[in-house]
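Student: Build me a model from this:
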Amino acid sequence: MSHSAADKTHVHHHHDDAKSFVRAVEHVSEERGLRLTPLRKEVLELVAAAGKPVKAYDLLDLLRERHGNAAPPTVYRALDFLLEHGFIHKLESINAFVSCHHPAEAHQVPFLICDVCSSAQEVCDERVAELIEAQAKAFGVEVKERPDFAMIAVQGPNARDKVIGLLAEVDHERIRKLGKFVAAAAQGPHGMPLFVARTGYTGEDGFEIVV
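Tutor: Sure thing, here's the model as predicted:
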């Protein structure tokens, strides 16, 4: 590997140890004037200590073991704060959260997620992001975050039937024939506009619903 390529791959200072990661977030919060309250810090510690993607209700169960009266809105507000400031990532395809390897820097990175054990690895290589940006520009597309959208991943051998069951009847046949690497607009419950896609993101039999 050339020196320039190595620089691209290791440009960030990673925090893989849970305790050092939390200390790094405390330092960044102090620098930015953010309020890392005891609850926010505790949720952060639980995400970091999990060592793999963890779901909100798993965090809630852990908090209830400690405090007894933790409520879902409490966890979600803490997660929203940590997401907003880039201290954790949300993996939409499995609806779970992981700590960020370099919380001091704003960035977007892809993840490698195992279908068997749901472990996830953040791909910290700037060349990947640069390649995606370059390909997008070639097609006249701008890559950016859309916090106003959410993605629901549907996986498994019955995924197609489950997705079709959520849609307006007028869209059933069209979505039933939806091929790989294709997306289509459709109507959900009560006429809700959404997109149904088969990008490969959720596996060979998977579908993504964007609302």
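Student: Correct me if wrong: V75 contacts D61.
Tutor: No - using CB atoms under 8 Å, V75 makes no contact with D61, being 9.9 Å away. All C-beta spots, glycine's among them, are computed from the backbone N, C-alpha and C.
Student: Settle it for me: which of these two has more neighbours?
Tutor: V75 (22 against 12; other CB atoms under 10 Å).
Student: Contacts only, for the closest residue to that one other than its chain neighbours.
Tutor: Among residues not flanking V75 along the chain, L60 sits closest, at 4.9 Å (CB to CB, 6 or more residues apart in numbering). Neighbouring residues of L60 by CB atoms under 8 Å, 6 or more residues apart in numbering: 70, 72, 75.
Student: Ok, R160 next?
Tutor: 175-176, 205, 207.
Student: change it to 7 Å
Tutor: Contact partners of R160, counting by CB atoms under 7 Å, 6 or more residues apart in numbering, are 176, 207.
Student: State the helix or strand in which it lies.
Tutor: Here R160 sits within helix 159-166, counting by DSSP states H and E.
Student: what are the bridge partners for the most centrally placed residue in the chain, then?
Tutor: Centroid-nearest residue in the chain: L91, 2.2 Å away (criterion: CA atoms, centre = their mean). Bridge pairing for L91 (DSSP bridges) gives the partners A96.
Student: and the gap between it and S119?
Tutor: For L91, the distance to S119 (CB to CB, to the nearest Å) stands at 11 Å.
Student: Ramachandran coordinates for the closest residue to E26 other than its chain neighbours?
Tutor: Leaving aside its chain neighbours, E26 sits nearest to L36 (6.0 Å; criterion: CB to CB, 6+ apart). Torsion angles at L36 (phi, psi; degrees, to the nearest 10) stand at phi -90, psi 80.
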